[in-house]
Structures are given as C-alpha cells and as structure tokens.
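Engineer: with the input below, show me the fold.
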Amino acid sequence: MEFSTGKQKVIIVSSLVLFLLLAIFREQLIHMDEAIYSWLTAYELPGIFSIMEGLTEIGSGEMILIITFIIAAILAFKRLWSYAFFSLVVTFGGIFINLALKITIQRGRPGESRDLEVFGHSLDLTSYSFPSGHSMRIVLLALILIFLAVHFIKSKKLKTITVVLCIALPLLVCVSRVIIGMHYFTDVLAAAFVAIFWFQVCYLFFTERFSSKTRVHQRY
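Structural biologist: Modelled structure (predicted):
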C-alpha cells in the first residue's frame, strides 16, 4: 500500500480511464456480460445460489457501515484521528459517488427493475445497475483494511493472511452479484475501478496527515 505520489497519480488516472471506458462502451459489451454470466452459472451446484446470496449480503450498505463505524471507533479510541476520519471519508464518499454515478448513467439491472433499498426500507427510486454498489463498498472496505494491516500489523504472517483474505472476499462478493443476477460483469468491474480511484484520491489527500508517529506497528 505504500506508493510514491507519482505511482498514486498513475493509479488514479488509470483506474478513472478504465472506468470511463466501461461506462462509455457498456452497451457494446453486453454480449461479453451475457457470456460471462452463462459461464459462471453453467454448473448449478447444490446450494450454490444460497451461498452466493449469503456472500452478497456482506457488501450490503448496512454491513459496510457497521464495520466502518467499528473500525473508526477503534482508531479514534487509539487517538489515530487521521486514520479514523480517513476510513469514514473513504466509505461515505464512496457511497455518495456510487449513488451519483448510478443516477447519472441509469443502466437498468438484469431482469426486472428494482427499487432502491436503504436499511431494509424500499424507497420509491429505481435501483440502477452501473456501477455495482455492493461491489464498490466491499472493495473500498477491503482497501481500508489492507491499508491498516500494512501500517499496523507487525507480524508478517498475520499481515499476509489479512491481505489475502481482503483480496479474496471482494472477489467472492463481486462474483456473487453476477451469479444471483443482480448485476452485469461490467457493473462489478467498473465498481472496482472507481473504488480504487476514490481510495487513492483519498489516500493522496491524507498522506501528509498520517503522522509518522502513528506508523508504529502494533505487536500481535
């Protein structure tokens, strides 16, 4: 997670360009979306749909907000104010950006249209598909956890395990969104790119605010 300012800017520009390409050519890529969906659902293993539905809930707004508040509270308790604020800005900013992009692009979901749901309540607003909200939220959370693991976990083994899990979980959640028919593949891919873009923008802005005194690894 330690990048020079130059590398951060390359990541920011690259992820933004890739997102814009997917946004512009999303309709032309529909055949690819359908082919990937067919490939992922070619083998109907017993219970796989239920497993995917369970996985997809990890990326729900309620779950992400609860985890983010817990992380921010722990960081605040340790007086790591910049890190706590950073986590909140990344998550809440990401949610706002995702909603703004959905409303602007207005791509319909696969199958029937759905209303937007917030904390279990259905709003009289169409829930659009591009980019995937679940995917963007879980990728942002994973990036936050990887960032914190790299900075504060001293044990290389525990750090490696944490990073691997934080890479695997978003992948599973993103795949689950496609398998259960809630999103196209390009929806989740675009969500990953815009999540990386937003995280790196926040990281670039906060870099000088992360005091070197707080970069002391904790012992585990």
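Engineer: for the residue nearest the centre of the chain, what are its contacts?
Structural biologist: Most central in the chain under C-alpha atoms, centre = their mean is Val139, positioned 2.3 Å from the mean C-alpha point. For Val139, the set of contacting residues under the criterion of C-beta atoms under 8 Å, 6 or more residues apart in numbering consists of Pro170, Cys174, Ala191, Ala192, Ala195, Ile196. Just so you know, the C-beta spots here come from the backbone N, C-alpha and C atoms, and that holds for glycine as well.
Engineer: show me the contacts for the last one.
Structural biologist: Translated: Ile196. Ile11, Ser15, Val139, Leu143.
Engineer: same question, the second one
Structural biologist: Listed by C-beta under 8 Å, 6+ apart, the contact partners of Cys174 are Ser132, Ser135, Ile138, Val139, Val188, Ala191, Ala192.
Engineer: what's the answer for the fifth one, then?
Structural biologist: If a contact means C-beta under 8 Å, 6+ apart, then Ala195 has Gly94, Ser135, Met136, Val139, Leu140, Leu143 as its contacts.
Engineer: which helix or which strand is home to it?
Structural biologist: Element membership for Ala195 (DSSP states H and E) is helix 185-206.
Engineer: just the CA atoms of that helix, as PDB, please.
Structural biologist: Provided in PDB are the C-alpha atoms of helix 185-206 (Å, rounded to 0.1, in the frame of the first residue of the first chain):
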ATOM      1  CA  PHE A 185     -20.000  -8.300 -15.000                       C
ATOM      2  CA  THR A 186     -19.100  -4.800 -16.300                       C
ATOM      3  CA  ASP A 187     -21.100  -3.400 -13.400                       C
ATOM      4  CA  VAL A 188     -18.800  -5.000 -10.800                       C
ATOM      5  CA  LEU A 189     -15.700  -4.400 -12.800                       C
ATOM      6  CA  ALA A 190     -16.500  -0.700 -13.100                       C
ATOM      7  CA  ALA A 191     -17.200  -0.600  -9.400                       C
ATOM      8  CA  ALA A 192     -13.800  -2.000  -8.600                       C
ATOM      9  CA  PHE A 193     -12.100   0.600 -10.800                       C
ATOM     10  CA  VAL A 194     -14.000   3.600  -9.300                       C
ATOM     11  CA  ALA A 195     -13.400   2.200  -5.800                       C
ATOM     12  CA  ILE A 196      -9.600   2.100  -6.500                       C
ATOM     13  CA  PHE A 197      -9.800   5.600  -8.000                       C
ATOM     14  CA  TRP A 198     -11.600   7.000  -4.900                       C
ATOM     15  CA  PHE A 199      -9.400   5.300  -2.400                       C
ATOM     16  CA  GLN A 200      -6.200   6.500  -4.000                       C
ATOM     17  CA  VAL A 201      -7.600  10.100  -4.200                       C
ATOM     18  CA  CYS A 202      -8.400  10.000  -0.500                       C
ATOM     19  CA  TYR A 203      -5.000   8.400   0.300                       C
ATOM     20  CA  LEU A 204      -3.200  11.000  -1.700                       C
ATOM     21  CA  PHE A 205      -5.000  13.800   0.100                       C
ATOM     22  CA  PHE A 206      -4.400  12.300   3.500                       C
END
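Engineer: thank you, goodbye.
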